[in-house]
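Engineer: generate a structure from the sequence data that follows.
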Amino acid sequence: MKKQDMIFGIHATQALLNNSPERVIELWVLQGRDDERLLPLIKTASSMGISVQKSSRKVLDEKASSTQHQGVIARVKAAKILGENDLDVLLEKTATPFLLILDGVTDPHNLGACLRNADAAGVQGIIVPKDNSVGLTAVVSKVACGAAEAVPLFQVTNLARTMRHIQDKGVWVVGTAGEADGNVYQADLKGALAIAMGSEDKGLRRLTRESCDSLVSIPMSGSVSSLNVSVATGICLFEAVRQRLG
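Structural biologist: Model (predicted):
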């Protein structure tokens, strides 16, 4: 089990300092970079007693490998893995849950973008299976631009069983599938809701699809047959937002 992680980039590091400062062990920042974007972050970390080390670009590049670090890297305690019990706590304290289920999303860039969409849409939690899914990696946090530290990610052992469990708690689960009779703009997405999205190449797995209360499609007018999962997720989440604000 990992004890420590690395977080790269200004937005992700600032979000971590705002939401979970107790996880931050130390910062490495680019020597000589004292601009208006980085200085507030350094001051915040210093005021919290967090060590700030000035490093050369070469050192930061080596630590970040192929990831763009924007002149700041945080060494942090690994995030707590949230599971079924934590999900129950969320459901108990949330009057009208708004959740996102991601089935088979293995690309960290896609998960990071989905986290960013979810945060913007006001989603209270994302549910993913422990297997066949990417976790909260450094790349995910970087792409999410702080959303990974704001939106809880629940990793569950059996996704279909968890879906039935949240249904028993009064959450309506809407899945996406190209063969669905109705589209997302015709569906009722108000009330306690979880939207289930599958991977771009395979969509929802059979058991996941069969566990949904209803299925919807996204109308496609062009020549492509599917959308990137983060784009499709954004469309569905913000249609739900539109309806819930109406």
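
Engineer: show me what contacts the residue nearest the centre of the chain?
Structural biologist: Nearest residue to the geometric centre of the chain (CA atoms, centre = their mean): residue 115, 2.6 Å. Under the criterion of CB atoms under 8 Å, 6 or more residues apart in numbering, the neighbours of residue 115 are 126, 140, 143, 144, 147, 148, 151, 153. (Each C-beta comes from the backbone N, C-alpha and C, glycine too.)

Engineer: the first one reaches residue 98, doesn't it?
Structural biologist: Pointing back at residue 126 there. No - in this structure, residue 126 is not within contact of residue 98 by CB atoms under 8 Å, at 10.9 Å.

Engineer: now the worst-scoring helix or strand of the chain on mean pLDDT, how far from the centre of its chain.
Structural biologist: Across the helices and strands of the chain, mean pLDDT, DSSP states H and E gives its lowest value to helix 138-144, namely a mean of 78. Taking CA atoms, centre = their mean, to the nearest Å, one finds helix 138-144 lying 9 Å from the centre of the chain it belongs to.

Engineer: for whichever strand or helix holds the residue nearest to the centre of the chain, give the mean pLDDT please.
Structural biologist: Taking DSSP states H and E as the definition, residue 115 sits inside helix 108-121. Across helix 108-121, the average pLDDT comes to 95.

Engineer: what pLDDT is listed against residue 148?
Structural biologist: Listed pLDDT for residue 148 reads 79.

Engineer: now it: closest residue in space that isn't a chain neighbour?
Structural biologist: Closest residue to residue 148 apart from its sequence neighbours, by CB to CB, 6 or more residues apart in numbering: residue 141 at 4.4 Å.

Engineer: what is the burial count for that neighbour?
Structural biologist: 31 (other CB atoms under 10 Å).

Engineer: stretch 69-77: which residues count as buried?
Structural biologist: Under the neighbour-count criterion of 16 or more other CB atoms under 10 Å, stretch 69-77 has 69, 70, 71, 72, 73, 74, 75, 76 buried.

Engineer: thank you kindly, that will do.
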